[in-house]
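S.K.: I'll drop the sequence and a predicted model, then ask my questions.
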Amino acid sequence: MNNHMVTRSLAAVCGVGLLASLAACGDNTAASESTSATKDGVASLTGEYAGAGASSQQTAVEAWIEGFRSQAPNATVAYNPSGSGAGVSTFLTGSTVWAGSDKALSAEEVERSKSVCASGTAFDVPVYVSPIAVAFNLDGISTAGKHVNMDAATIAKVFNGEITRWNDPAITEQNPGLDLPNLTITVVHRSDKSGTTLNFVSYLKDVAPSAWPHDLSENWPNEVGQGAKGTSGVVSTIKQANGTIGYADFSQVGDLGTVAVKVGGDYTPISASAASKVIADSPVDTSVDGDNRIVVDINHKTAATGAYPIVLVSYDIVCPAYKESKDATFAKAWLTYVTSAEGQKAAQDAAGTAPLPSNLAGKITASIDQIKVG
Amino acid sequence: MSTASKPSASPAASSLTQPVNGQKADRVFRGVAYACGILILVTLAAVALFLLFRAWPLIGGDQQANSAVIENFTGGKAKSFWGYVGPLLFGTVLVAALALVLAFFVSIGIALFISHYAPKRLAAVLSYIVDILAAIPSVIYGLWGGLVLVPAIYPFWNWIAEYLGWIPLFAGPAANPPRTVATVALVLAIMILPIITSIARDIFLQTPKLLEEAALGLGATKWEMIKLSVLPFGKSGVISASMLGLGRALGETMAVLMILSPGLKYSFKLLQASQNQTIAANIAAQYPEADGIGVSVLIGTGLVLFVITFLVNLLARRITEKAGK
């Protein structure tokens, strides 16, 4: 009895001490960072700033809002994960400062942005790279943490219902070391519109056009397999049965097996750094309408060693000039933070995204500098 | 006692002799009752008007923009509103009707067991459990269906597809995981079972003892007695109970959304995935990404669901009235 009391009070004292030291830590960092940012007038930023857009960005944006608070403690930032399309429409009505989107603006949207921005047209800046996993559940293989090797044509045929069994010669030939079962493949895809779907099928279309006859769309194009709502729906459906395969954001697939994709002569397993490599090997699309835009033309056919080609690039969309000068200061500070090494690290820790490759950094800084402040 | 109550009795008596107060209370109560009754009508009218107004761009608006939105929703599988809402309506009615068929006979069985067969104690416990089941929110059934039932029931559907696959309804191969109409209908059946059971039980219990004893007196066995007196007496009540259940199944959203792999077909393949979708689940699934005309299209499908539930209830009324005569 007495002993318990002693241990308890000891624990309590320790707990309080820990809290105090943590609080001290928090204070310190906040103080040091706000001083470093004062020169931009960011620390004195006040008011409320709203963004809306891709639901896939939500986790990363939450981490950024948390990090941004230490730079501009008096600014309130809110993000509504209403979806890419809805987010861009809201931005084009002028009621949000920025939009998050899984795809770059269309020419028509750039044109419409003239009425919202004080001058010039809106532009997109990549904020992170997110690898898309081809995830599967197969007793004895995914449970043992093994990868299945597939090239783009095989993936396309599986998702188009032309390869229907796991021991199809097309798969076994690429996986001599695996004992693949004679089991039906159940394809799982998104039932709602999704940037993940668009990026996944554009990989198939680019690399294996003969095996993937469908047009590019955010909706799943064929009648193969099962649809599930949202990334979480796809992942939980894959988990529910043996022999399922689907595609989902890498950060969400947990302990499911993932397909190693053929790049050049090798099979690359999925990882954040491999996803950054394909973007480093991708050109910036200079043919797009509008100024300052950085639209990455993902090089799905890359042959770079160790690159993982199925990725999604997420963008933030902002104006070069705002009617409210406060909004411009915020947009510039926000993008600077988000694309900084610190912001990229925060997103990677929170959402498992891949950081932007360093060769884009110069272009991104140049674009952000075009935002007219004051 | 009597002496003490005398002085206090006189004011009471005086209030009784003043009929004005009573009339006032009567009027007030009548007014309140009327207001409540009218409130229901106003609410119904308001809902109908809201649906009509918000769906109006669909009827009176730019048809080209409408079909663009519908193509956008369905990935080009449907182009017109009726091409969109038709399969949804089919799916809604199919799922709800299957659920009703599955639940109906079991419910009647449970209700008869509680009212006429079970020992008193067991009957009381069972009644209580049925009432609790009726109170479980549908999202709980959805979670249970999606996370527990779906993986667990595959061997059963697979067996059915293998041995009864020659019946078009059960054409295989059974989807794995079975996020299919069959599984959804089963979960909805479990959801509406307590409602039907609890109403049917109350009605069976009200069968006049005279009728039952007369049947027994004529030498009927217990089953014959139930067939001759209890079931005919409860017929209209059981039908309205089923219609209440059907109404719940028609409008059920969460359970369907969480289990079914959606599709837009006129298909009876109960064991295969991505065949049908219901109106309510479709609205919930599409609403977050919809804007402007998209919302109008979804509200338009809601209007169709509203009309269908209305018609089902009207039909039920008709049947009940006929059965009552």
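M.R.: That came through fine.

S.K.: which residues does the closest residue to chain B within the stretch 151-300 of chain A contact?
M.R.: Nearest residue of the stretch 151-300 of chain A to chain B (C-beta to the nearest C-beta) works out as residue A:219 at 2.8 Å. All C-beta spots, glycine's among them, are computed from the backbone N, C-alpha and C. Contacts of residue A:219 were listed using C-beta atoms under 8 Å, 6 or more residues apart in numbering or on different chains, and they are A:193, A:197, B:72, B:74-76.

S.K.: ok, so of the residues you listed, who is nearest residue B:89?
M.R.: residue B:74 (14.6 Å; C-beta to C-beta).

S.K.: ok, now which ones touch that closest one?
M.R.: Contacts of residue B:74 (C-beta under 8 Å, 6+ apart): A:219, B:84, B:264.

S.K.: Excluding covalently adjacent residues, which one is nearest to the second one?
M.R.: So that's residue B:84. residue B:78 (4.2 Å; C-beta to C-beta, 6 or more residues apart in numbering or on different chains).

S.K.: Check the last one too.
M.R.: Using C-beta to C-beta, 6+ apart and skipping residues adjacent in sequence, the residue nearest residue B:264 is residue B:87, 4.5 Å away.

S.K.: Residue A:289: neighbour count?
M.R.: 13 (other C-beta atoms under 10 Å in any protein chain shown).

S.K.: Map the structural domains onto the sequence of chain A.
M.R.: A:44-130+A:282-297+A:312-369, A:132-278 (the TED database).

S.K.: Please state the offset of the shortest one from the chain centre?
M.R.: Chain-centre distance of domain A:132-278: 18 Å, with C-alpha atoms, centre = their mean, to the nearest Å.

S.K.: Now do it, average pLDDT.
M.R.: For domain A:132-278, mean pLDDT rounds to 91.

S.K.: Could you tell me the end-to-end distance of that domain?
M.R.: One end of domain A:132-278 to the other measures 13 Å (C-alpha to C-alpha, to the nearest Å).

S.K.: now stretch B:224-236
M.R.: Note: stretch B:224-236 ends 19 Å apart using C-alpha to C-alpha.

S.K.: returning to that earlier point: how about the secondary structure of the residue nearest to residue B:84?
M.R.: Recorded secondary structure, residue B:78: coil (DSSP: H, G, I helix; E, B strand; the rest coil).

S.K.: give me every residue that touches it.
M.R.: Contacts of residue B:78 by C-beta under 8 Å, 6+ apart are B:70-71, B:84, B:87, B:264.

S.K.: okay, who's weakest in those residues by pLDDT?
M.R.: Out of those, that is residue B:71, at 84.

S.K.: burial of the nearest residue to that one once chain neighbours are set aside, as a residue count?
M.R.: Excluding its sequence neighbours, the residue lying closest to residue B:71 (C-beta to C-beta, 6+ apart) is residue B:79, at 5.8 Å. The number of residues packed near residue B:79 is 14, by other C-beta under 10 Å.

S.K.: ok, now which ones touch residue B:79?
M.R.: B:67, B:70-71.

S.K.: go with 10 Å
M.R.: B:66-68, B:70-71 (C-beta atoms under 10 Å, 6 or more residues apart in numbering or on different chains).

S.K.: nearest to residue B:114, of these?
M.R.: Closest to residue B:114, out of all of these and judged by C-beta to C-beta, is residue B:70, at 48.4 Å.

S.K.: so which strand or helix has that closest one?
M.R.: helix B:63-74 (DSSP states H and E).

S.K.: ok so, going back, measure the residue nearest to residue B:71 to residue A:244 for me?
M.R.: 32 Å (C-beta to C-beta, to the nearest Å).

S.K.: about what we covered before: now, of the contacts of residue A:219, which are buried?
M.R.: Buried subset of these (neighbour count, 16 or more other C-beta atoms under 10 Å in any protein chain shown): A:193, A:197, B:72, B:74-75.

S.K.: I'd like those residues as a markdown table, with distance to residue B:228 appended.
M.R.: Output for the buried ones among the contacts of residue A:219, formatted as a markdown table (distance: C-beta to C-beta, whole Å):
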| residue | distance to residue B:228 |
| --- | --- |
| A:193 | 59 |
| A:197 | 61 |
| B:72 | 60 |
| B:74 | 54 |
| B:75 | 57 |
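
S.K.: okay but residue A:310 is in contact with residue A:260, surely?
M.R.: No - Residue A:310 lies out of contact with residue A:260 (C-beta atoms under 10 Å); the separation is 11.2 Å.

S.K.: Quick check: residue A:279 is in a helix.
M.R.: Yes - assessed by three-state DSSP, residue A:279 belongs to a helix.

S.K.: what residues are up against it?
M.R.: Counted by C-beta under 10 Å, 6+ apart, residue A:279 has contacts A:126, A:128-129, A:296, A:298-299, A:302, A:307, A:311, A:313, A:354-357, A:359-360.

S.K.: at 7 Å instead, please
M.R.: A:129, A:296, A:311, A:313, A:357 (C-beta atoms under 7 Å, 6 or more residues apart in numbering or on different chains).

S.K.: Contacts only, for the nearest residue to the first one once chain neighbours are set aside.
M.R.: What sits nearest to residue A:129 in space, not counting adjacent residues and going by C-beta to C-beta, 6+ apart, is residue A:354, at 4.2 Å. Contact criterion C-beta under 7 Å, 6+ apart gives A:128-131, A:272-273, A:275-276 as the residues in contact with residue A:354.

S.K.: for the helix ranked longest in chain B, packing partners?
M.R.: When chain B is parsed with DSSP state H, its longest helix is helix B:19-60. On a contact count with 3 or more C-beta pairs under 7 Å, 6 or more residues apart in numbering or on different chains; DSSP states H and E, helix B:19-60 meets helix B:293-324.

S.K.: what comes up buried for the helix it packs on?
M.R.: Buried-residue list, helix B:293-324, by 16+ other C-beta under 10 Å: B:293-306, B:308-309, B:312, B:316, B:319-320.

S.K.: pLDDT (mean, whole number) over it?
M.R.: For helix B:293-324, mean pLDDT rounds to 85.

S.K.: How about stretch B:113-132?
M.R.: 93.

S.K.: Buried ones in it, by neighbour count?
M.R.: B:114-116, B:118, B:123, B:126-127, B:130.

S.K.: Also stretch B:194-212?
M.R.: Quick answer for stretch B:194-212 (16+ other C-beta under 10 Å): B:194-204, B:207, B:212.

S.K.: and if you look at stretch A:267-287?
M.R.: A:267-268, A:270, A:272, A:274-282.

S.K.: Distance from that stretch to the middle of the chain?
M.R.: On C-alpha atoms, centre = their mean, the centre of stretch A:267-287 falls 13 Å from the chain's centre.

S.K.: Please verify my assumption that residue B:154 contacts residue B:176.
M.R.: Yes - using C-beta atoms under 7 Å, residue B:154 is in contact with residue B:176, at 5.2 Å.
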